[in-house]
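Student: Sequence below, structure please.
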Amino acid sequence: MLGHDAQRSGAGTTCRTALALVCVWAFLFLVAVAYASSSVFAEVLTKSGTVRIQQTQVAFIGSANLGSGTLTYGGHSVRFKIGGLGVGGIGISKINATGTVYNLHHLAYFPGAYVQARYGAVVGRKSTGKLWLRNSNGVVLELWAARKGLALSLGGDAIYIDLQ
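Tutor: Residues are numbered from 1 along each chain as shown. Here you go, the predicted model:
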């Protein structure tokens, strides 16, 4: 009997250790997302244009999204594709987002890789949430998202935008 109890005790320790590691990783990730989104607020944002984005997001701990959008900048409308991978969330949703583009000094600075901090929830057609995206050129997108589906979202993504 002693051997059987020792085996159960070892399995419990392994589960507790794994759970502790997951909790530490999740905490560090949330701190990183909070830092990334707070740095957006710390910088000066100069309005440059607007965007409309339609995309689909699927998440189960990891997440993937794909869609398209329109940038209005300098009196012109430019179409683009958007997609990415990330962590955080569960569910599937269709996202229609509108927002403001900041710090875009040249159209060539718009495409490329963005870091996204996100939070929100959707049940059916009732949704809430805001998205912040920032690229290495200092371009910032502030998006208000209307979602349809069933999803809970808290995390971050690497997003890529490519002009069409």
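
Student: what bridges to G49?
Tutor: For G49, the beta-bridge assignment (DSSP bridges) gives partners Y73, V101.

Student: Do I have it right that it meets G69?
Tutor: No - checked against CB atoms under 8 Å, the pair G49 and G69 is beyond contact range at 11.8 Å. The C-beta positions use only the backbone N, C-alpha and C, and glycine is treated the same way.

Student: Would you mark the buried spots in stretch 140-156?
Tutor: Under the neighbour-count criterion of 16 or more other CB atoms under 10 Å, stretch 140-156 has 140-143, 145-149, 151, 153-156 buried.

Student: Extract the C-alpha trace of that stretch and format it as CSV.
Tutor: These are the backbone C-alpha positions of stretch 140-156, laid out as CSV (Å, rounded to 0.1, in the frame of the first residue of the first chain):
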residue,chain,number,x,y,z
VAL,A,140,-0.9,52.7,-33.9
LEU,A,141,-4.4,51.4,-34.6
GLU,A,142,-7.1,51.9,-32.0
LEU,A,143,-10.0,49.7,-32.9
TRP,A,144,-13.5,49.3,-31.5
ALA,A,145,-14.8,45.8,-32.4
ALA,A,146,-18.3,44.5,-32.9
ARG,A,147,-18.3,40.7,-32.8
LYS,A,148,-20.7,37.9,-33.5
GLY,A,149,-20.2,34.4,-32.2
LEU,A,150,-19.2,32.9,-28.9
ALA,A,151,-15.7,33.9,-27.5
LEU,A,152,-13.8,35.2,-24.6
SER,A,153,-10.6,37.1,-25.5
LEU,A,154,-7.7,38.2,-23.4
GLY,A,155,-4.2,38.1,-24.8
GLY,A,156,-2.0,39.2,-27.5
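
Student: Brilliant, that's me finished.
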